[in-house]
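Undergrad: Sequence isn't available, so here's the structure alone:
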Ligand SMILES: Nc1ncnc2c1ncn2[C@@H]1O[C@H](COP(=O)(O)OP(=O)(O)OP(=O)(O)O)[C@@H](O)[C@H]1O
């Protein structure tokens with residue numbers, strides 16, 4: 001063997017390893033395409049015409065702008081299992097090639113990450129450092145805070161400076177980050193507005209963001225929390241409506257496809273799962289109490305028998 005070839009081969013392998021490591025480290029940001037986001041929402045988000053509209057109109061100009069004047073702050077409201085986390089993930093997969101698995105998609109759940117009241121000072125300090133570090137690594141980071149209604153107000157205070165109009169810290173732009181807060185606060189207000197509409201014979205699509213003062217009532221339900229200054233920094237409050245039978249059915253079919261459960265072999269499964277769910281109000285039984293939340297779990301027993 002010619003030692004030159006061995007040297008060259010070794011060099012090639014080394015270079016390959018470095019390129020591979022770099023490609024794992026440097027994540028690809030997708031070029032933003034509003035049509036793709038719209039298509040994704042149209043096809044994969046069921047029964048949420050208001051949320052779909054607000055998200056598209058908020059996210060598109062923000063991602064198009066090369067120098068946004070402030071970061072994007074969204075607050076999603078609705079009862080359980082109606083698609084709040086789901087939409088955050090849809091946004092993520094339209095920004096990052098790795099979607100929700102991206103290193104730049106950061107989630108915190110109050111009950112899980114900040115459970116102890118007497119540790120709040122430590123949580124605050126850690127949280128500030130983490131947010132700063134993530135933004136320094138990649139200005140276009142998504143921070144998703146779940147269970148905001150359970151968050152200690154002191155933690156909200158720790159996040160507040162990042163939502164403000166601070167343009168640069170250490171020459172890194174703080175205006176490109178996206179903050180999404182999820183909560184069940186206002187969920188009952190939204191649900192009762194939906195019940196009123198459908199009971200009055202109106203269609204779901206007629207419900208607007210400010211129908212029956214829904215907007216104002218959502219504000220009321222959160223501004224009564226201590227950190228009202230924090231909520232003033234939110235750009236858009238996004239209501240998620242409770243889901244009806246047809247939406248649950250759509251969720252079941254989508255989950256069946258993702259779990260590779262044959263629709264042919266289990267023709268009645270979607271209807272069976274829908275029948276097993278609980279609906280409200282008790283008389284009319286229009287909306288699913290848990291949205292699409294337990295759908296995946298109910299399908300698990302069928303996972304093994306593939307097509
Ligand atoms: N409107 C919807 N359209 C499509 N799929 C949905 C919708 N709502 C819920 N799902 C499905 O149900 C699962 C659970 O929903 P998701 O986690 O988004 O609920 P959530 O509103 O965040 O609830 P929670 O308040 O309990 O956190 C999602 O992963 C998704 O598969």
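TA: Everything's here; your move. Since this is a predicted model, take the numbers as computed values, not measurements. Numbers count the residues shown, from 1 in each chain.
Undergrad: only C-alpha atoms for contact and neighbour calcs from this point on.
TA: OK.
Undergrad: Tell me if residue 292 really is in a strand.
TA: No. Checked against DSSP: H, G, I helix; E, B strand; the rest coil, residue 292 lies outside a strand; its state is coil.
Undergrad: count of neighbours near it?
TA: Neighbouring residues of residue 292 were enumerated by other Cα atoms under 10 Å; the total is 24.
Undergrad: ok, it - contacts?
TA: 81, 82, 243, 248, 251 (Cα atoms under 8 Å, 6 or more residues apart in numbering).
Undergrad: 7 Å - rerun?
TA: Neighbouring residues of residue 292 by Cα atoms under 7 Å, 6 or more residues apart in numbering: 81, 82, 248, 251.
Undergrad: Just the ones in helices from those residues, please.
TA: Secondary structure from DSSP state H places 248, 251 of those in helices.
Undergrad: Is it possible to get JSON lines of the contacts of residue 292 that adds pLDDT?
TA: Converted to JSON lines, the contacts of residue 292 look like this (pLDDT from 0 to 100):
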{"residue": "81", "pLDDT": "97"}
{"residue": "82", "pLDDT": "98"}
{"residue": "248", "pLDDT": "97"}
{"residue": "251", "pLDDT": "97"}
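Undergrad: May I see the contacts of residue 292 organised as a markdown table, with neighbour count added?
TA: Below are those laid out as a markdown table (neighbours: other Cα atoms under 10 Å):
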| residue | neighbour count |
| --- | --- |
| 81 | 20 |
| 82 | 26 |
| 248 | 26 |
| 251 | 22 |
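Undergrad: Assign residue 69 to helix, strand or coil.
TA: Secondary structure assignment for residue 69 (three-state DSSP): coil.
Undergrad: Just after the helix or strand bottoming out on mean pLDDT in the chain, pick out the following helix or strand.
TA: Least confident element among the helices and strands of the chain, by mean pLDDT, DSSP states H and E: strand 168-169 (a mean of 70). Next helix or strand after strand 168-169 toward the C-terminus (DSSP states H and E): strand 172-173.
Undergrad: which outside residues touch the following helix or strand past that next one?
TA: Tracing the chain C-terminally past strand 172-173 and defining elements by DSSP H and E, one meets strand 178-183 next. Residues outside strand 178-183 that contact it (Cα under 7 Å, 6+ apart) are 71-78, 84, 141-149.
Undergrad: Would you check which of those are in contact with the ligand?
TA: With Cα under 6 Å from any ligand atom as the criterion, the members of those in contact with the ligand are residue 84.
Undergrad: Filter the contacts of strand 178-183 down to the ones in helices?
TA: Of the positions in those, residue 84 sit in helices, assigned by DSSP H.
Undergrad: Which members of the contacts of strand 178-183 are classed as buried?
TA: If you count burial by 16 or more other Cα atoms under 10 Å, the buried members of the contacts of strand 178-183 come out as 71-78, 84, 141-149.
Undergrad: and these, which of them are in strands?
TA: Counting by DSSP state E, the members of the buried ones among the contacts of strand 178-183 that fall within strands are 72, 73, 74, 75, 76, 77, 142, 143, 144, 145, 146.
Undergrad: Tell me which two in those residues are the farthest apart.
TA: For those, the maximum inter-member distance is 17.9 Å, found between 77 and 142 (Cα to Cα).
Undergrad: Let me know the closest of the contacts of residue 292 to residue 208.
TA: Of all the contacts of residue 292, the one with the least separation from residue 208 (Cα to Cα) is residue 82, at 17.0 Å.
Undergrad: Regarding that closest one, what are the backbone dihedral angles?
TA: For residue 82, the backbone dihedrals are phi -100, psi 0 (criterion: degrees, to the nearest 10).
Undergrad: Could you find the closest non-adjacent residue to it?
TA: If you skip the residues right next to it in sequence, residue 82 has residue 291 as its closest partner in space, 5.0 Å away by Cα to Cα, 6 or more residues apart in numbering.
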